[in-house]
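**Student:** I need the structure of the sequence given here:
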Amino acid sequence: MKVPAKNRVLSALIKGKNLTPDQISTKFGVTNPSAMVSRLRGEGYAIYLNTRTKRSGEKVSHYRLGTPSVSMLEKWAARGVTPQTV
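**Tutor:** Coordinates of the predicted model:
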């Protein structure tokens, strides 16, 4: 049985990998990476999008799993979402 893409993306993030939206699409077959990440955030995972600029001027964004901010915790509490710890 094939493991759902959501579980495979989450597993990669838990292992400490930083994933670009293109990587999520290509490696995991996700057509809308931002929707996938939004769903995981809604389940209580603190996923951040970091953007950096390469020397060439090209901007590169990647998702990473981190520690929830106070703001995130407050939003989750208001919606009754339990923060997920890994």
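
**Student:** tell me where the model's unsure across the protein.
**Tutor:** Within the chain, no stretch has pLDDT under 70.

**Student:** now the helices for this structure?
**Tutor:** Secondary structure of the chain (DSSP state H): helices at 5-14, 21-28, 33-42, 70-79.

**Student:** T85: which of these is closest?
**Tutor:** Of all the helices of the chain, helix 5-14 sits nearest to T85, with 10.5 Å by CB to CB. Where C-beta positions appear, they are placed from N, C-alpha and C, glycine not excepted.

**Student:** next, the buried residues of the closest one.
**Tutor:** A5, R8, V9, L10, A12, L13 (16 or more other CB atoms under 10 Å).

**Student:** excluding its backbone neighbours, what's nearest the last one?
**Tutor:** This points to L13. Of all residues not flanking L13 in the chain, L65 sits nearest, at 4.1 Å (CB to CB, 6 or more residues apart in numbering).

**Student:** how close does that neighbour get to R52?
**Tutor:** Computed as CB to CB, to the nearest Å, the L65 to R52 distance reads 17 Å.

**Student:** neighbour count for those two, which is higher?
**Tutor:** L65 (20 against 9; other CB atoms under 10 Å).

**Student:** still on that earlier bit, including distance to V86, could the helices of the chain go into a markdown table?
**Tutor:** Compiled in a markdown table, these are given as follows (distance: least, CB to CB, whole Å):
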| stretch | distance to V86 |
| --- | --- |
| helix 5-14 | 5 |
| helix 21-28 | 18 |
| helix 33-42 | 12 |
| helix 70-79 | 15 |
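
**Student:** so for G57, which of the ones you listed sits nearest?
**Tutor:** Among those, the nearest to G57 by CB to CB is helix 21-28 (18.2 Å).

**Student:** who does the closest one touch, helix- and strand-wise?
**Tutor:** helix 5-14, helix 33-42, strand 59-65 (3 or more CB pairs under 8 Å, 6 or more residues apart in numbering; DSSP states H and E).

**Student:** what's next to the first one, contact-wise?
**Tutor:** Translated: helix 5-14. The set of residues external to helix 5-14 that reach it, using CB atoms under 8 Å, 6 or more residues apart in numbering, is 19, 24, 27-30, 36-37, 39-40, 45, 47, 63-65, 86.
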